[in-house]
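A.B. asks: sequence below, structure please.
(2 chains)
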Amino acid sequence: MDRLKRFARSDVAAMVLLAALILGVFGALNPVFLRPVNLVQYVNNGVVLGFITIALSTSVIAGHFDYSVGAMTGFGTVFMALLLRGGMHVALALPLCLLSLLLFGALNGVIVGFLRVPGMLATLGTSSLIYGISLVLTQGQAIGANSEAYKVFGKSDLGTLPFGIVLLAVVFAASAVFLSRTRTGRRWYLIGTSPESARFAGISYRKETLLVHVFSACMCFFGALILGSRMASGRADIAEGYVLQAVTAAVFGGISIKGGSGTIAGALLGVLTFTLLTSGFTMIGLSQFYKQVTTGALLVLVLLVRNRHAIFPPRK
Amino acid sequence: MRALIRKSKRELLLIAVIAMLFVVFHLISGSFLSYVTLANVLSGYAIYGIMAIGMMLIISTGNIDVSVGAQLAVVSMSVSALVDGGVIDSVPAAVLFSAAIGAALGLANGLLVSALKLPAIIVTLGTMNIMRGILLLVAGSSWNTGLPMWFKSIARTVPFDLRLKMTVYIWLILCAAAYFHMYRTVSGRKILSVGANPEGARRIGYSPGASYVLTFVITGVTCGIGGLLYSSNVGMAQPIAGLGYEMTLIAAVVIGGTSFTGGKISILGTFLGVVLLSVIERGMVISKIPVYWQELVKGAVIIIAISLSALSAVAPGKGRGRRVSGEVSRG
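C.D. replies: From the prediction side, this is the model:
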């Protein structure tokens, strides 16, 4: 009973309620919104955002802020497209692309962990660098990638579900278990809560910070895979808008921006809510710009609600 | 003398690098080392320079503002609409209105940051999208190109026959004003002390929140003046004005030696950081290096600058692992 009560008060419960509310409102406006085919499609639309949100959330949980997730995802699509256009087989291009992104993640990790530059500042810099590398490689153009084997990731179905959803589900399950059940995962939470205590507990700040950023880059690889395959192309700024959306979704889902708390499950629930909302907006025909305004406003609003105790201290 | 050199190591290094770049670009392009180029370098980035002053103060208190470009666009659009509508019909009125609108935007950011007690990057990411979204909703992709001559000449005047645009003089005056404010007034010293040690500043009775709000308001004003000069300079206003300015400003400030971990600013360093970025851009254009390379070079310069700062901060006192960072903000 206590557990139930605690759940009812949690952010996750609020999020489920919000998702149900969105479904109800848009369903009432137009019953087509609730058709199973459409619901699957909404989830499918959120897959890329899902991977990028996992990447960002993990770095935020560990007390950092990986701003370069958008640039890394963009680079992933560009590099894949270039390799495929050069005639390389997908089976060989995939590991190469993953490796290049992991190297960028390691670069982030070294600057943040070893040089002790604040994570956000460092990744703002590497974001610029990675984006620049993509621009130089593509000369600012979109690069087509029309390999049949590449299409599998973004455009095929596994059973009744699109491949992207299945992949996200698997990666989500693995990373949720990793963060909550393995030593490394718990260390990241501790570093995010208090780097000082983590140090006293004998945890290597350098090593874990390096790993966090490599993990984040790995998630960006999955995002790039699905996104590039869907668009059948690679472009430097293809994932530019995802950073804000990922922050919003993560904050929605109860990830504390100060680090150390929140779960991947919550963050993905945030992604789902966010995707439902924007899908609903598209259905009733609101323009892109309304989405931008709403995203920004929602972010600030959710922060206000969540931080209400700090802003208006409860009377004793 | 020696103390002066030690104190301004970063500034001297920047001057050396800038001089070296002048020579390198001169060797590549055959015509770079001249007063005209220097004047163009200053005139071309003066608006960045003005806005960088505000960004420097925000960064020195451990915050950040990624909505500066959006603020510039809001001021640029609304001031030119007011000029069109006949509300603004003189230069002083234009300056007053731009500064006021900018200050209001900065105040909103500042209040949200100090009230939410959360990293400014999240708050300003949100407000940036609200501002840009509203601008695009209201104006679409329309450009206001019918600005009157007196308005266009605000930024374009070249006084004193020195080949420097009016914007450069405004930049220099604002640097001097910032110097006076930061080193000669209580309000400025409070900002520095809050940046150095927010908890300590709070205990001796300063309010960190108030200082945060002030830095955001100052930034709003510099964005306002930037927005006015921007639309005056290009002769039009558009919703996408100032896109990506935040990165250039952060880069300039960080290159200039202002640290995120607070309390230390360098007005001359920020000035030189802006000049350095301007030299790189102009030099690459004149050397006919494709424009795609600029982003890469900018990123590399930022990373080198922050790494150098971090190394020089870690090195003294053999404090391996002493400085536990990773905090985006202290609130």
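A.B. asks: and the helix or strand hosting A:L84, what does it pack against?
C.D. replies: A:L84 is part of helix A:69-85, with elements assigned from DSSP states H and E. Contact analysis of helix A:69-85 by 3 or more C-beta pairs under 8 Å, 6 or more residues apart in numbering or on different chains; DSSP states H and E lists helix A:47-61, helix A:90-109, helix A:119-138, strand A:143-144, helix A:205-231, strand A:233-234, helix A:242-252 as its packing neighbours. Yep, even glycine has a C-beta here, placed from its N, CA and C like the rest.
A.B. asks: flag the shaky bits of the chain, pLDDT-wise.
C.D. replies: Here I'm looking at chain A. Applying pLDDT under 70 to chain A flags the ranges A:1, A:7-11, A:309-316.
A.B. asks: actually, chain B is the one I wanted.
C.D. replies: In chain B (pLDDT under 70), the answer is B:1, B:141, B:262, B:313-331.
A.B. asks: just give me the residue closest to the centre of it.
C.D. replies: B:A52 (1.6 Å; C-alpha atoms, centre = their mean).
A.B. asks: returning to that earlier point: how far does the helix holding A:L84 sit from its chain's centre?
C.D. replies: 17 Å (C-alpha atoms, centre = their mean, to the nearest Å).
A.B. asks: got it, and stretch B:108-125?
C.D. replies: With C-alpha atoms, centre = their mean, you get 18 Å for stretch B:108-125.
A.B. asks: then that stretch to PDB, C-alphas only?
C.D. replies: Provided in PDB are the C-alpha atoms of stretch B:108-125 (Å, rounded to 0.1, in the frame of the first residue of the first chain):
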ATOM      1  CA  ALA B 108      13.000  37.500 -17.700                       C
ATOM      2  CA  ASN B 109      15.900  35.100 -18.100                       C
ATOM      3  CA  GLY B 110      17.600  36.300 -14.900                       C
ATOM      4  CA  LEU B 111      14.500  36.000 -12.800                       C
ATOM      5  CA  LEU B 112      13.800  32.500 -14.100                       C
ATOM      6  CA  VAL B 113      17.400  31.400 -13.500                       C
ATOM      7  CA  SER B 114      17.600  32.800 -10.000                       C
ATOM      8  CA  ALA B 115      14.100  31.600  -9.100                       C
ATOM      9  CA  LEU B 116      14.400  28.100 -10.500                       C
ATOM     10  CA  LYS B 117      17.900  27.600  -9.000                       C
ATOM     11  CA  LEU B 118      18.700  25.500 -12.000                       C
ATOM     12  CA  PRO B 119      21.500  25.600 -14.700                       C
ATOM     13  CA  ALA B 120      21.000  28.600 -16.800                       C
ATOM     14  CA  ILE B 121      21.600  26.500 -20.000                       C
ATOM     15  CA  ILE B 122      18.300  24.700 -19.500                       C
ATOM     16  CA  VAL B 123      16.300  27.900 -18.800                       C
ATOM     17  CA  THR B 124      17.900  29.800 -21.700                       C
ATOM     18  CA  LEU B 125      17.500  26.900 -24.100                       C
END
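A.B. asks: rewinding a little: format the helices and strands packed on helix A:69-85 as TSV; extra columns: distance to chain B and mean neighbour count.
C.D. replies: As requested, the helices and strands packed on helix A:69-85 are exported to TSV (distance: least, C-beta to the nearest C-beta, whole Å; neighbours: other C-beta atoms under 10 Å in any protein chain shown):
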stretch	distance to chain B	mean neighbour count
helix A:47-61	9	30
helix A:90-109	8	19
helix A:119-138	3	25
strand A:143-144	13	17
helix A:205-231	7	25
strand A:233-234	15	26
helix A:242-252	5	26
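A.B. asks: can you redo the ones you listed as CSV with distance to B:G188?
C.D. replies: Shown next, in CSV, are the helices and strands packed on helix A:69-85 (distance: least, C-beta to C-beta, whole Å):
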stretch, distance to B:G188
helix A:47-61, 33
helix A:90-109, 35
helix A:119-138, 24
strand A:143-144, 51
helix A:205-231, 35
strand A:233-234, 48
helix A:242-252, 33
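A.B. asks: buried stuff in the helix holding A:L84?
C.D. replies: For helix A:69-85, burial by neighbour count (16 or more other C-beta atoms under 10 Å in any protein chain shown) applies to A:69-84.
A.B. asks: now, among those, which is nearest to A:I203?
C.D. replies: Taking C-beta to C-beta as the measure, A:I203 lies nearest A:V69 of these, at 24.3 Å.
A.B. asks: run the angle between the helix or strand harbouring A:S180 and helix A:205-231 for me.
C.D. replies: Using DSSP H and E, A:S180 sits in helix A:163-181. For helix A:163-181 against helix A:205-231, the angle by axes from the mean of the first three to the mean of the last three C-alpha atoms, to 10 degrees is 170 degrees.
A.B. asks: and the next helix or strand after helix A:163-181, does that touch chain B?
C.D. replies: Per DSSP H and E, the first helix or strand lying C-terminal to helix A:163-181 is helix A:183-193. Yes. Contact of helix A:183-193 with chain B (C-beta under 8 Å from any C-beta of the partner chain) involves A:I191.
A.B. asks: by contact count, what packs against helix A:183-193?
C.D. replies: Partner elements for helix A:183-193 (3+ C-beta pairs under 8 Å, 6+ apart): helix A:47-61, helix A:163-181, helix A:195-200, helix A:205-231.
A.B. asks: what sits against A:V117?
C.D. replies: If you count contacts by C-beta atoms under 8 Å, 6 or more residues apart in numbering or on different chains, A:V117 has them with A:I111, B:I306, B:S307, B:S309, B:A310, B:S325.
A.B. asks: sorry, wrong one. I was asking about A:Y42.
C.D. replies: Contacts for A:Y42 (C-beta under 8 Å, 6+ apart) come out as A:T275, A:L276, A:S279.
A.B. asks: gap between the residue nearest to it when sequence neighbours are not counted and A:V16?
C.D. replies: Nearest residue to A:Y42, sequence neighbours excluded (C-beta to C-beta, 6 or more residues apart in numbering or on different chains): A:S279, at 4.4 Å. Noted for A:S279: a distance of 17 Å to A:V16, by C-beta to C-beta, to the nearest Å.
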